[in-house]
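>>> After the sequence you'll find the predicted model.
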Amino acid sequence: MDAVFLARLQFASTTIFHFIFVPISIGLALTIAIMQTMYVVKGKEEYRSMAKFWGKLFLINFAVGVVTGILQEFQFGMNWSNYSRFVGDVFGAPLAIEALLAFFLESTFIGLWIFGWDRLSKKVHLTCIWLVSIGTVMSAFWILLANSFMQRPVGFQIQNGRAEMNDFWALVTNGQLLVEFPHTVLAAFATGAFLITGISAYKLLKRQDVQFFKKSFHIAIIIGLISSVGVALWGHQQAQYLIHTQPMKMAASEALWGKSGDPAGWTVFATIDPKKQENGMEIQIPYLLSFLSYSKFSGEVKGMLELQAEYEATYGPGNYIPPVRTTFWSFRIMVGAGTLMILFGLYGTYLAWRKKLEQPNKWFMRLMVLGISLPFIGNTFGWIMTEIGRQPWTVFGLMRTEDSISPSVSAGEVLFSVIAFSTIYMILGIILVYLFIKVIRKGPYAPDDHHDEHAHDPFDKEEVKQHALT
Amino acid sequence: MHLLNDLWFVLVAVLFIGFFFLEGFDFGVGMSTKLLARTDGERRVLINSIGPFWDANEVWLITAGGAMFAAFPNWYATLFSGYYTPFVFLLLALIGRGVAFEFRGKVKHEKWKKTWDWVIFLGSLLPPLLFGVVFAGLIKGLPIDAQMEMKAGLFDMVNGYTLVGGLTVVMLCLVHGLMFTTLRTVGDLQVRARKLGQMLLIPLGVLLAAFGIMTYTMTDVFEVRGGILAAVGVVGLIAFLLSGYFMKVKKDGWAFGMTGAVIVLSVASVFIGLFPRVMISSIDQAFNLTIDNAASGAYSLKVMTIVALTLLPFVLGYQIWSYFVFHKRVHEKEHLEY
C-alpha cells in the first residue's frame, strides 16, 4: 500500500467519522436553543426538561466531535505537508479564524451552559446556548470556506511557487461557499432534527413519557422539514454552480461520457464501465438533467470525454476523470436520502399538525426511527461525491492529490496511525451508541444518580462533604 | 512588512504560552486524580474543578496550531510531518482524555470508572511530556534538509536533553495543577494538594536547573540571546522561590500565580531562544526555518492581524468572565440541584 493511498484512506475515514458528530452538534444545539427559548418565554417546566434531556445527548456527542476535530487540524500538517506548504497562505487563515471565532465561543459557553443552570440568570443562561449554536454555525462557515477554496480556488495568486492570498473578500464571497454553506448547515440542522424525531418516535411507540416526546417530535419535525426542503433547494443551486465551475464532477456524477444531447435526460440508473468509458444499460428521465443544470427544459451538458480533452489541453497530459461509479452512486444515494427526508418531514408534520401523534401510525413511527440514519447517509455520500468527484485534484486545477502528501512520512508510519485511529474511533463509536441508548432508555424524568452526574458542583461545601462520606 | 512576521511569531508564542498556562493546570489536575485523590469522591471533585474550563483551554492549542498554519505554513508543515509519530500519540492522548471526562460518570460500574481514570491520568501525563520533548527538540536543532523536510530518527527526537525537557514540563504542569486544586477545593484535599505541591518543588527545581544547564551547554540559544535569557532566568528563579514561599504561608492564589509565571517564563524563553528562527536545522544553518522563509505573504499576514486583533479581546473577555462566574461561587453554600 502506498503512502498516497494510506493518507487518503486516513483522511476519508477520520473525516467521515468526525462528520457524524459535527452535524449532530450543529443540529442539536439549534434545537435545544429553540426549546430553551420556549422555556424562557412560556415559562413551562417541560421545555426546560426538553433542553436538559436532549442536552445530555448533545454533550456526549459534542465531546466526541471536539476530540476528533483536533485530529482534523493536525492532519493537514502531518499527512499533507506539501499541500500545507502550497496553500497554507490561503488555507490556514480560515482554520485560524475558525478557532478564534468559533471554537473559543463554543467551548467557553458550553462550559457555562452545562454548569450554569443555577448560577446564571435564565436569560444569560439562554444566551449561552444560543452562542454555542452560533459558534457551531460559524465554525461550519469557516471550514467550508476552506473547502470551497479547494473546489473553486479564488482570491489568490501563484507567487514564490505557492498560492498566496491576494483577496480575502473573494474567499468570503466565493460562489461555491454561498451554495455549499447553506446546503451543509441545513443538512446539519436536519440531522439533529431527525435524531430527535426518531428517538421520540421510538418512545411514542413504547408509550413512554408521551407528552414529552410528542412535543419534542412536534418541534423537531418542523425544523427537520424546513431544513430538508432547504437542503434540496440549495443542492439544486449547487448543481447549477457545478456545471460552470467543475463540469467534470457534474458529468461524472451523471456518468455522462459523451455529450448529453439537448434536452438532456437525467440518468436514474446505469451500469458503468469505466474501462471502456461507456455505460451498458441506462434508465433516463427526459428533460430532467437540463432542468437540474439550467432550471429550464433545454440545454446540453458536456460529457467526460470532451472535458478530458479540454483539461489535457489546459493542464497537460493525465487522467482527469474521477472514479465515476463512486461519484455517480454517491450522488444518487444522497438525493434519495434527501428525498425521503422531505417525504418523512411532510407526513410527520401533517401528523403533528392534526394532533395524531397520540395514537401514532405504527409503521410510520417505525420508519421515523429508521429515518435517523437518513441524514447521515445523505451527509456522508454528499461529501464522498464532493471530494471523490474533485479527483485527481486536492485544489481544483492547482494541485494534484498525489503531489500533496508529506515527503518525510513513510507509508509504514501512516499505516500505524491509520490502525491506531481507526481502532480508537471504533471504540468511541460503540461507546457513544451505548451511552445514547442508556440515556434514551432512562428517559427525561428518571432521577439522576446524583453522585455520577456530570453537573456536580465541586465548590459546594455540602456536596464536598457528601463526597467525603461516600 | 517585516514587522508582521515578528508580530505573528509573538502571537504564536503567546498562544502556546496561554495554552501551557491554562491547559497546564488541567493536565496537572488530571495527573492529580491518581497522585493526590484517595477516594472516588475526591477524584470527582478534581475532575469537576476543571470541568467548565478544560475544553476552552484546549482551544488555545487548536488556535496556536491554526495560527501557525496561517502565518507560518512551512513551520506548521515541517513540524507536524517531522514529528509524525509523537503527534499520533499526542492526539490519541488528547482524544482519550477529552471523552474520558464526559464518559466516566455515565455508567455506574467500578471497572468502567477505573478504566477512564487511567485514560484521564495517562491522557494528562503524555501531552505535557510529548510537548516538552518537542519544544526541547526545537531549540536543540533537528535534521532539516534544504527542502525544509525534517527526517528525524527516534534518537533525534528522544534523547537525554529532550527527555529532561519533557519531564520538566510534566512536573511544571503537575505543581501548577496542584496549586489550582488548592484554589478550587476545601478541607483535606486542599491541604494535601498544598503539601504535595511543596514537596514537588524540589524535583521541579532540580529539573529546571538541569534543563537550564543542558540548554546552556548543548544549544546555541544563550549565544544568540544570552542577555535576555539570563534576565528571564533570574525572574523565573524569583517566581519559583516565591511560589514556595506562598505555599508555605498558604497564600494559594499567589502561589498559583507564581507557578503560572514559571510556566509562562519557561515557554517564553524557548521562543526567545529560537527567534528569529522557528526551527533549527542540525544539518546546516542555511536550512533553518525562520520567520521569513517559513511565513505567509504580507497580504495574508495583514488580514490575519486585523482579524486576530479584533477577535482576541472578545475571546479573552468572555474566557475571563467564565472563570469569574465559576470563581465567585466557590464559598457559597447554596444547594444546587441538577
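Structure received. Numbering: from 1, shown residues only, chains lettered A, B, ... in the order given.
>>> Mind jotting down where the helices sit in the stretch 101-250 of chain A?
In the stretch 101-250 of chain A, the helices defined using DSSP state H, counting those that start in this stretch lie at A:104-115, A:122-151, A:168-172, A:175-205, A:210-245, A:247-253.
>>> Go through the ones you listed and name the closest to residue B:265.
Residue B:265 lies closest to helix A:104-115 among those, at 24.7 Å (C-beta to C-beta). All C-beta atoms are positioned from the backbone trio N, CA, C, and that covers glycine.
>>> got a list of what residue B:264 touches?
B:17, B:20-21 (C-beta atoms under 8 Å, 6 or more residues apart in numbering or on different chains).
>>> Could you list which of those belong to helices?
In helices, defined here by DSSP state H, the members of the contacts of residue B:264 are B:17, B:20-21.
>>> Looking at those, state which has the most neighbours.
Neighbour counts for the ones in helices among the contacts of residue B:264 (other C-beta atoms under 10 Å in any protein chain shown) peak at residue B:20, which has 30 neighbours.
>>> Check the ones in helices among the contacts of residue B:264 one by one and keep those near chain A.
Filtering the ones in helices among the contacts of residue B:264 for proximity to chain A (criterion: C-beta under 8 Å from any C-beta of the partner chain) leaves nothing.
>>> Can you name the residues of the stretch 151-300 of chain A that neighbour chain B?
So the stretch 151-300 of chain A meets chain B at A:159-160, A:162, A:164-166, A:168 (C-beta under 8 Å from any C-beta).
>>> mind running it again at 10 Å?
A:155-157, A:159-160, A:162-169, A:171 (C-beta under 10 Å from any C-beta of the partner chain).
>>> Could I get those in CSV, plus columns for distance to residue A:78, pLDDT and neighbour count?
Output for these, formatted as CSV (distance: C-beta to C-beta, whole Å; pLDDT from 0 to 100; neighbours: other C-beta atoms under 10 Å in any protein chain shown):
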residue, distance to residue A:78, pLDDT, neighbour count
A:155, 26, 92, 19
A:156, 24, 93, 24
A:157, 28, 93, 15
A:159, 26, 90, 12
A:160, 24, 88, 10
A:162, 19, 93, 20
A:163, 20, 92, 23
A:164, 23, 93, 20
A:165, 23, 94, 27
A:166, 28, 93, 15
A:167, 29, 94, 15
A:168, 27, 94, 19
A:169, 31, 96, 10
A:171, 24, 94, 22
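>>> hmm, back to that, pick the most deeply packed of the helices of the stretch 101-250 of chain A.
Mean neighbour count (mean count of other C-beta atoms under 10 Å in any protein chain shown) peaks for helix A:247-253 among those, with a mean of 26.
>>> For that one, what does the pLDDT average out to?
Mean pLDDT, helix A:247-253: 92.
>>> thinking in terms of the whole chain, how far from its middle is that helix?
Mean C-alpha position of helix A:247-253 versus that of the full chain (C-alpha atoms, centre = their mean, to the nearest Å) differs by 21 Å.
>>> about what we covered before: most widely separated two among the residues of the stretch 151-300 of chain A next to chain B?
A:160 and A:169 (22.2 Å).
>>> May I have the phi/psi pair for residue B:153?
Residue B:153 adopts backbone torsions of phi -80, psi 180, taken as degrees, to the nearest 10.
>>> quick one, what contacts it?
Applying C-beta atoms under 10 Å, 6 or more residues apart in numbering or on different chains to residue B:153 gives the contacts residue B:143.
>>> so how far is residue B:145 from it?
14 Å (C-beta to C-beta, to the nearest Å).
>>> so which strand or helix has residue B:179?
Using DSSP states H and E, the element containing residue B:179 is helix B:160-184.
>>> Please spell out which residues along that helix are buried.
Within helix B:160-184, the residues scored as buried using 16 or more other C-beta atoms under 10 Å in any protein chain shown are B:161-162, B:164-184.
>>> interface residues of the stretch 151-300 of chain B facing chain A?
B:151-152, B:184-190, B:293-300.
>>> Repeat the analysis, applying 7 Å as the threshold.
Residues of the stretch 151-300 of chain B lying close to chain A by C-beta under 7 Å from any C-beta of the partner chain are B:151, B:184, B:186-187, B:296-297, B:299-300.
>>> Which of the residues you listed are buried? Put it as a PyMOL command.
Here is the PyMOL command that selects the buried residues among these (16+ other C-beta under 10 Å):
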select buried, chain B and resi 151+184+186+296+297+299+300
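>>> so where's the stretch 151-300 of chain A uncertain?
Applying pLDDT under 70 to the stretch 151-300 of chain A flags no residue at all.
>>> For chain B, what's its nearest residue on the stretch 101-250 of chain A.
Residue nearest to chain B within the stretch 101-250 of chain A: residue A:111 (3.5 Å; C-beta to the nearest C-beta).
>>> Show the pLDDT at that residue.
87.
>>> what's the distance between it and residue B:26?
12 Å.
>>> And residue A:445, by the same measure?
With C-beta to C-beta as the criterion, residue A:445 and residue B:26 are 34 Å apart.
>>> next one: residue B:320
16 Å.
>>> Between those two, which has more neighbouring residues?
Regarding residue B:320 and residue B:26, a neighbour count based on other C-beta under 10 Å identifies residue B:26 as having more, with 26 against 12.
>>> What helix or strand is that one located in?
Going by DSSP H and E, residue B:26 is in helix B:2-35.
>>> want to throw the ones in helices among the contacts of residue B:264 into CSV with pLDDT?
Output for the ones in helices among the contacts of residue B:264, formatted as CSV (pLDDT from 0 to 100):
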residue, pLDDT
B:17, 96
B:20, 96
B:21, 95
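>>> circling back to that earlier point, figure out which of the helices of the stretch 101-250 of chain A is closest to residue B:126.
Judging the helices of the stretch 101-250 of chain A by C-beta to C-beta, what sits closest to residue B:126 is helix A:104-115, at 21.2 Å.
>>> Which strands or helices does the closest one pack on?
helix A:122-151, helix B:54-71, helix B:298-328 (3 or more C-beta pairs under 7 Å, 6 or more residues apart in numbering or on different chains; DSSP states H and E).
>>> tell me the angle of the second one relative to helix B:298-328?
Spelled out, it's helix B:54-71. 170 degrees (axes from the mean of the first three to the mean of the last three C-alpha atoms, to 10 degrees).
>>> Check which helices and strands helix B:54-71 is in contact with.
Counting contacts by 3+ C-beta pairs under 7 Å, 6+ apart, helix B:54-71 is packed against helix A:45-79, helix A:81-97, helix A:104-115, helix B:2-35, helix B:73-82, helix B:298-328.
>>> circling back: chain center to the helix holding residue B:179: distance?
The answer for helix B:160-184 is 9 Å, by C-alpha atoms, centre = their mean.
>>> per-residue confidence averaged over it?
pLDDT averaged over helix B:160-184 gives 94.
>>> ok, now stretch B:78-89?
Stretch B:78-89 comes out at a mean pLDDT of 94.
>>> One more: stretch B:94-106?
Rounded mean pLDDT across stretch B:94-106 is 90.
>>> can you check stretch A:335-344 too?
Rounded mean pLDDT across stretch A:335-344 is 95.
>>> Output that stretch as PDB, nothing but the C-alphas.
Output in PDB follows, covering the C-alpha atoms of stretch A:335-344 (Å, rounded to 0.1, in the frame of the first residue of the first chain):
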ATOM      1  CA  VAL A 335     -30.500  12.600  -3.400                       C
ATOM      2  CA  GLY A 336     -32.500   9.500  -2.400                       C
ATOM      3  CA  ALA A 337     -31.900  10.100   1.300                       C
ATOM      4  CA  GLY A 338     -32.700  13.800   0.900                       C
ATOM      5  CA  THR A 339     -36.000  13.000  -0.900                       C
ATOM      6  CA  LEU A 340     -37.100  10.500   1.800                       C
ATOM      7  CA  MET A 341     -36.300  13.100   4.500                       C
ATOM      8  CA  ILE A 342     -38.700  15.600   2.800                       C
ATOM      9  CA  LEU A 343     -41.400  13.000   2.500                       C
ATOM     10  CA  PHE A 344     -41.000  11.900   6.100                       C
END
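>>> Name the residues of it that are buried.
A:335, A:337-338, A:340-342, A:344.
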